[in-house]
Each structure stands twice: as C-alpha cells, then as structure tokens.
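[1] Next input, structure requested:
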Amino acid sequence: MEAIKDAFEKEVALDQHTSLWIQKIDKDPKAYGVNDLHSKLAKIGLIPSRIGNEIQSKFPLKKYLQKYIEDGIKNGKHAQTIDKWKYTIKALFRFIPPSTDIRNITVLDAKNWYDSISNYEFKPNKKYSVCTLGKYVKVIRQFFEEFKDMEIISRNPFRKIRSAGNSDPSRKVYVAKEVAQYFFENCPDYQSKMLIALARMAGLRIPSDIIMLKFEDIDFEKGLFVIHGLKGKTNGDRVVEMEKRICPIFPDLKPVFLEALRNRVEGQEFIFPVCKQWNDPIFAKQRKGKNISMNVRRWFKKLGIPLWAKLFVNLRASLITDLLDKYQQYFVCKWLGNTPNVADKYYRMITPEHIAVAAGKGDSKIANEIATKNGNENVNFSPDLVTFHAKMQSCQLNEKKPYLHAVYGFKSENSGNCSFPTRTRTLNILVNSEALYH
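    Numbers count the residues shown, from 1 in each chain. This next block holds a predicted model:
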C-alpha cells in the first residue's frame, strides 16, 4: 500500500511487483483475505478501474508503440525504418495483446513470446527465419528501453532474450566473377545484366548505390568513379545528405561501363534513368514487398545458371572477399563504403581456393573438388554453382543460351571447342555473336 501511495503522490508508474499484485487482488479473495479491495482503491483514484473483469490499462502497449512510431516520423526516420518497426509490432501483438499494460509484461512473458513466435507458421510450413527473429528481438528491446527511459518500467523484460544475429552463415555464397561475366555477356536484358555486373564487379549496393549513378561520375582517364549512395542521412523519404565515395574502376569493371556508354541515349544523364529517384514507382513497389530481383532471377533460369541466396548481397560480398586478398582492409572499406567490422562479420568469406592454397594445392580443379565434396558452413559456396563454374571453365556449356533455341530456332555447331565460328550464319554461343547472326 505504501508503494501505491508513493507512486500516486509522485505521479510515476508502479513497480512491476506491485502491478502484478494489483492485477490479482479480488480475483482470488481467499488468497489475500480481502474483498472488493480493488474497487475501493480505484474509487479514490489510487489505481485504474476495471472494465468488466479486466483492468483498464493506464499504460497500454498499443498506445505507446503508436506514439513511438509517430515520434520517429516527426524526427525524420526513414520510411524503411518505420516499416521495420511496424512489422515488429505486428509480430509482438501475435502473442501479447495490444491492450496489455506495459508494466505487467514480465520476463516470463517475453520468453513465452519468443518461444511462440519461433514456432509460429505465418504461412503453411513456413516459419520466421533466425535472422528475422533476431531483428525483431533487437527492435523490441529498443521499444522497452524507451519505456524504461520514460520511467514506465524499472527494467527491460526482453533484456535477457538472446537470439541469433542478423547474419546467417549458411546463406553466404561465394560467386566467382566468371559467373557474373557469363550472365553479363549472354543476358539480352540491359537492366538485368547491368545490375548483376555492377553488384559483382563494382560491389555496389542494389538498389541504393545505382540510383544516382551518372555517366559524368565515370572518369576513365583517372581510372575512378564517384558513388552517390542513398545510405546517408534522411528525413522520411527525402535524402538530406548522401553518402559519397570514390572507387577505382577495376579491370573487370571497365567493360561494364563501356557497355553502358554503348546503350546511352542522347541526353541521358543517369545510367539507370528509371531509378534516378528513390520515390520512383519501381522502388515504391519494392518497399511494399515487390522485389527488384524478380526479372533478374527469370533470366538466370532461362540461361540455366543456378541461383543462390541473397542474390545481390552475395555478389557484393564476393567482390569484397577478392579485394581483401589483394589490398589492405582500410582501402577496400573506403572504396565500398563499410566498416572493417561489417566487412568481417557480414561480407568476408572462406572460399575453396583459400583452403586449396593453404593446403599447398593451389589448383582450381582441386579447389572445385573441395567445394563440391566437402561442403560445410566454414566454406561459403554453392555446389551447383561451383559445378556450373567448372563446366564453364572447361568449355562444356554447349547450351549456353537454351532460351534462344525456341525463339530463333537454331542450334550451335561449336559444341566441342572454344574457337570462333567459321560461318557468320551460325551463332557462336561462346562469343555472344547474336547480332552477327542476324
């Protein structure tokens, strides 16, 4: 009673123990030896009254979470951050009612929520991934730390909930540059092949780094290009201060930029004009669940290239892995725009070549055998992708453009070697001479 009186006089929230006691009184009079105590305390205004058999929450969870989102919007939080908060709140409300008083949420409630959401199937036979759960827990801790700062609660009930980090090592896949070059040379869709090439050869984030990429930012004489990324300070959907960094034009990247120049229309300023503003329809759809990689994945299937998890992220990670083998980490991080800690935790990978070289067997064939037969979480590869790469290196991909057989009705006459064609009327699928064929 002293605790209730002190809280009332100081106009602060009750401690968690007292809140639980108030919630239980009158529901079991024999346990406490009192009758109608709750209504008497509520009548003089010391505690909130009940509606029916339930307590009218003074600090309802839904109300304060809505206020948290409104404050975030006022403070200029990015739209994607707001969406992430809303998804987390939706997951939180699956097993904790929105009307629950914040003070009554215990550590046990937090553990029960995590156990329930871990086994919850939001689609038939589909549960939340470990990384998604980790993000949810991190955001929920953030919510309750804010409630703690507001002195609504004295401690965070989610503080001891431990989940996996945001990175899943099993989804890391090293993609050899030859695979990206193969796609770039054979995909007839300009935007799809440029997305793959810029992600693997330049390490650009898709789509944030390509939106503001201009032709004037490319300087072939100095061998560098400027990146104006949207991963900077924002005010809602509006970019206030963009990230700017200078990156070398790597040898494998030069043909990609030359291809962009060949496809440039007179007066065209941006390499991807349809994507030059973050508010363009293509990205508005993406924020609502549409994936920019859908068309790219279709071309992968048509070309017979095995797909891998995290399509664009693993292309960027593969380039970072290659560059860190050649250059100091400081330079690579400055060029590609991430910190050394992020590079080590999320991007850098162990490849079959690393193991082959360490074992004194620096042969690509041996490296491929290691990757195909001895896969585990310590070697980041896709066996199907490694097999595809090995066939490509040995010129066994005689059906390099399978989708063209149905469209143009021709077959390759160059199935046994890697030479150029002897007759111009035959398309050599190994040198991408489709235009010459026509």
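
[2] Output the lowest mean pLDDT helix or strand found in this protein.
    Every helix and strand of the chain was ranked by mean pLDDT, DSSP states H and E. The lowest is helix 402-408, at a mean of 40.

[3] Give me the phi and psi for the residue lying closest to M201 once chain neighbours are set aside.
    Nearest non-adjacent residue to M201, counting by Cβ to Cβ, 6 or more residues apart in numbering: L253, 4.3 Å away. Using the backbone N, CA and C atoms, a C-beta is placed for each residue, glycine as well. Per-residue torsions, L253: phi -90, psi -30 (degrees, to the nearest 10).

[4] so L253 sits right up against G203, yeah?
    No - between L253 and G203 there is no contact, the gap being 9.3 Å when judged by Cβ atoms under 8 Å.

[5] Show me which of these two is the more surrounded one.
    Counted by other Cβ atoms under 10 Å, L253 and G203 do not tie: G203 has more neighbours, with 26 against 22.

[6] Does the more buried one touch L336 like I think?
    Yes - with contacts counted by Cβ under 8 Å, G203 reaches L336, the gap being 4.6 Å.

[7] what's the overlap in contacts for those two?
    C247, R316, L319, I320, L323 (Cβ atoms under 8 Å, 6 or more residues apart in numbering).

[8] For these, give me CSV that also has neighbour count, pLDDT and secondary structure.
    As requested, the shared contacts of G203 and L336 are exported to CSV (neighbours: other Cβ atoms under 10 Å; pLDDT from 0 to 100; DSSP: H, G, I helix; E, B strand; the rest coil):
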residue, neighbour count, pLDDT, secondary structure
C247, 19, 95, strand
R316, 24, 95, helix
L319, 26, 95, helix
I320, 24, 95, helix
L323, 20, 95, helix
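
[9] quick one: which of these is nearest to Y120?
    R316 (31.7 Å; Cβ to Cβ).

[10] residues contacting that closest one?
    A199, R200, G203, L204, R205, L336, Y347.

[11] Swap in 6 Å and give it another go.
    A199, G203 (Cβ atoms under 6 Å, 6 or more residues apart in numbering).

[12] ok, I73 - how many residues close by?
    Neighbours of I73 using other Cβ under 10 Å come to 12.

[13] if I pick it, what's in contact with it?
    Applying Cβ under 6 Å, 6+ apart, no residues contact I73.

[14] my read is it is in a helix, agree?
    Yes - under DSSP: H, G, I helix; E, B strand; the rest coil, I73 falls within a helix.

[15] And it, how far from R141?
    21 Å (Cβ to Cβ, to the nearest Å).

[16] any chance of the shared contacts of G203 and L336 in a markdown table, with distance to F272 too?
    Below are those laid out as a markdown table (distance: Cβ to Cβ, whole Å):
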| residue | distance to F272 |
| --- | --- |
| C247 | 17 |
| R316 | 17 |
| L319 | 19 |
| I320 | 22 |
| L323 | 24 |
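
[17] Break down this protein into its strands, ranges please.
    50-51, 54-55, 121-123, 126-127, 218-219, 224-235, 238-248 (DSSP state E).

[18] Let me know the pLDDT of I51.
    Looking at I51, its pLDDT reads 46.

[19] My error: substitute M150 in the last question.
    Value for M150, per-residue pLDDT: 91.

[20] before we move on, what about A309?
    88.

[21] Tell me the confidence at the residue nearest to it when sequence neighbours are not counted?
    Leaving aside its chain neighbours, A309 sits nearest to R171 (4.2 Å; criterion: Cβ to Cβ, 6+ apart). pLDDT for R171: 84.

[22] and if you look at the one 4 residues further on?
    According to the prediction, V175 has pLDDT 92.

[23] cool, E241 as well?
    Value listed for E241 in the pLDDT field: 53.

[24] okay, F95: pLDDT?
    The per-residue pLDDT reported for F95 equals 89.

[25] Could you list the low-pLDDT ranges of the stretch 201-350 of the chain?
    Within the stretch 201-350 of the chain, the stretches with pLDDT under 70 are 230-242, 274-291.

[26] how about the helices of it, start to end?
    Taking DSSP state H, counting those that start in this stretch, the helices of the stretch 201-350 of the chain run over residues 254-262, 281-287, 294-303, 311-324, 329-336, 340-342.

[27] would JSON lines of the ones you listed with distance to F122 be doable?
    Converted to JSON lines, these look like this (distance: least, Cβ to Cβ, whole Å):
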{"stretch": "helix 254-262", "distance to F122": "39"}
{"stretch": "helix 281-287", "distance to F122": "19"}
{"stretch": "helix 294-303", "distance to F122": "21"}
{"stretch": "helix 311-324", "distance to F122": "23"}
{"stretch": "helix 329-336", "distance to F122": "34"}
{"stretch": "helix 340-342", "distance to F122": "29"}
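
[28] buried ones in the longest helix seen in the chain?
    If you go by DSSP state H, the chain has its longest helix at helix 130-149. Using 16 or more other Cβ atoms under 10 Å as the test for burial, helix 130-149 gives 132-137, 139-141, 143-144, 146-148.

[29] One more: stretch 115-133?
    Of the residues in stretch 115-133, those buried (16+ other Cβ under 10 Å) are I117, Y128, T132, L133.

[30] Any idea how far apart the tips of that stretch sit?
    With Cα to Cα, to the nearest Å as the measure, the ends of stretch 115-133 fall 11 Å from one another.

[31] Renumber starting at 2 from here on
    Done: numbering now begins at 2, and the last item shifts to stretch 116-134.

[32] Averaged pLDDT, it. What do you get?
    On average, stretch 116-134 scores 86.

[33] returning to what we had before: of all the buried residues of stretch 116-134, which two lie farthest apart?
    Applying Cβ to Cβ across the buried residues of stretch 116-134, the maximum distance is between I118 and T133, 9.6 Å.
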